[in-house]
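**Student:** build me a model from this:
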Amino acid sequence: MLNISEKGINPNKEIYNYSSLKIVEGRDYKEVFKQTFTLLLCMITILLFFPWTQNIRATGNVNALRPDQRPQTIHSVIAGRIEKWYVQEGDQVKKGDTILFISEIKDDYFDPKLLERTEDQVDAKKLSVSSYMEKVKAQDNQISALQRAAVLKKEQAFNKLKQAELKIQMDSIDLIAANTNFNIANDQLARMEELYKKGLKSLTELESRRLKIQEALAKKISQESKLLASRNEYLNSEIELSTIEAEFRDKISKSESEKYAALSSMYDAEASVTKLQNQYSNYAVRTGLYYITSAVDGYITKAINYGIGETIKEGDEIVSIMPAKSDLAVELYIKPIDVPLIEKNQKVRIQFDGWPAIVFSGWPNVSYGTYGGEVVAIDNFMSSNGKFRLLIKPDPEDYPWPKEVRVGAGANAMILLKDVALGYEMWRQINGFPPDYYKNNIK
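**Tutor:** Modelled structure (predicted):
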């Protein structure tokens, strides 16, 4: 020590009587440093062989696993004006509970008796359809009657034609008989004239024979006339038969035309009935849409359109609702370079915002406050933020996630990869190499 104070050190004083001073004074500092360095070197060497779990760090948010359990908005199917609210933000609602009531703003639906009048139109059109059906039935009956009458008329005309044919045959036979009588009378007259010339017959007998031949000639001519008349009657019967067929064919065709016209009108009326029924159903459904109800069990989180008297359009968002029950999941976003390292059912450790945790990224087993998860879905396309989205569900083999976690909360995650030595991981990080990717799947 420097002896610079007014009171110097007594050199005769025995300072080495203290045991601690003796230990310090007697220690070999070089040996202590050597032992300490050797111990640190051994510890570092041992640490280099400690296992280290490679991982990918990512951040995201808590969401619902199923799309129907995620936050959703209720839309208005029709345009209207808000008249009354039945809930407020934060209220719990059941499926089917009324949220608000809207009134009509389109003049096409202002009529308070719109459904009744539309129903009257449907009934009137139904009666029109029934009338056309009756008309079709009447036309069918008329066609059937005409067909029966045509059959009878044709049979009658055919019988008449047959009679004319038989009469021609009779008249032909009578004509042959008349010709025979005329020829006989002519031969008798010739013999009578010859006998008269010889004086064997008198003039009276000759004149009588001449009279008979005139009678026979008259009968012959008369019979020829009858035959021609019979043939003419036969032709008239044929014409009448053709006329009957044409007449009834025309009448039946006209009745069928009227029938098909009635059928066409009936089908038009039925189409009008269907259209009016559809319109009536639309009106009835629209009336039920004035009351906007909840589609799920949940909680009202935010009213988007809320002013009484405020007008909304078709498809406008009205309120947002959070389903009461949801299977939680975590949405993570990773860089494109890390996508080949991820596969389904891969293990993930998650730290939720608001839950204290002590995290050792390379030693997930000694971390505190983290929860297990599994990769359930990997997007095949890039999100708008330039990253790929992962969907993580709870690991059934790990502790359950906290019940207090809400959809939308933040989450930090470590996607666990291959277990390697700590020294290898340090070497990889220093050289900027990616985590181990290749797997020994070759059998």
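**Student:** how about the helices in the stretch 51-200 of the chain?
**Tutor:** 114-198 (DSSP state H, counting those that start in this stretch).
**Student:** low-scoring stretches of it, by residue?
**Tutor:** 52-54 (pLDDT under 70).
**Student:** okay, the angle between the strand or helix carrying Asn278 and helix 114-198?
**Tutor:** For Asn278, the element it lies in under DSSP states H and E is helix 203-288. Helix 203-288 and helix 114-198 are oriented at 170 degrees to each other (axes from the mean of the first three to the mean of the last three Cα atoms, to 10 degrees).
**Student:** what's the following helix or strand after helix 203-288?
**Tutor:** Defined by DSSP H and E, the subsequent element after helix 203-288 is strand 291-293.
**Student:** which residues does that following strand contact?
**Tutor:** 74, 76, 96-102, 318 (Cβ atoms under 8 Å, 6 or more residues apart in numbering). (C-beta placed from N, C-alpha, C; glycine too.)
**Student:** which other helices and strands contact the helix holding Asn278?
**Tutor:** helix 114-198 (3 or more Cβ pairs under 8 Å, 6 or more residues apart in numbering; DSSP states H and E).
**Student:** give the other helices and strands that the helix it packs on contacts.
**Tutor:** By 3+ Cβ pairs under 8 Å, 6+ apart, helix 114-198 packs against helix 203-288.
**Student:** for the residue lying closest to Ile168 once chain neighbours are set aside, list the residues it contacts.
**Tutor:** Using Cβ to Cβ, 6 or more residues apart in numbering and skipping residues adjacent in sequence, the residue nearest Ile168 is Ser230, 4.4 Å away. By Cβ under 8 Å, 6+ apart, the residues touching Ser230 are 164, 167-168, 170-171.
**Student:** 10 Å instead, please
**Tutor:** Ser230 makes contact with 163-172, 174, according to Cβ atoms under 10 Å, 6 or more residues apart in numbering.
**Student:** rewinding a little: filter the contacts of strand 291-293 down to the buried ones and hand me the ChimeraX line.
**Tutor:** Burial among the contacts of strand 291-293 is assessed by 16 or more other Cβ atoms under 10 Å; the matching ChimeraX selection reads:
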select :74,76,99,100,102,318
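**Student:** and which of the contacts of strand 291-293 is nearest to Glu256?
**Tutor:** Nearest to Glu256 out of the contacts of strand 291-293 is Ser76 (Cβ to Cβ; 54.4 Å).
**Student:** the closest one touches Glu317, doesn't it?
**Tutor:** Yes - between Ser76 and Glu317 there is a contact under Cβ atoms under 10 Å: 8.3 Å.
**Student:** which neighbours do these two share?
**Tutor:** Counting by Cβ under 10 Å, 6+ apart, the residues touching both Ser76 and Glu317 are Asn305.
**Student:** how about Ser336, nearest residue that isn't a chain neighbour?
**Tutor:** Careful, residue 336 is Pro and not Ser. Closest to Pro336 by Cβ to Cβ, 6+ apart is Phe388, at 6.3 Å.
**Student:** state the distance from the one you found to Asp379.
**Tutor:** Distance, Phe388 to Asp379, by Cβ to Cβ, to the nearest Å: 5 Å.
**Student:** looking at the two, which one has more neighbours?
**Tutor:** Phe388 (19 against 14; other Cβ atoms under 10 Å).
**Student:** show me what the longest strand anywhere in the chain packs onto, helices and strands only.
**Tutor:** In the chain, with assignment by DSSP state E, the single longest strand is strand 51-64. Other elements packing on strand 51-64 under the criterion 3 or more Cβ pairs under 10 Å, 6 or more residues apart in numbering; DSSP states H and E are strand 328-334, strand 347-352, strand 388-394, strand 410-421, helix 422-431.
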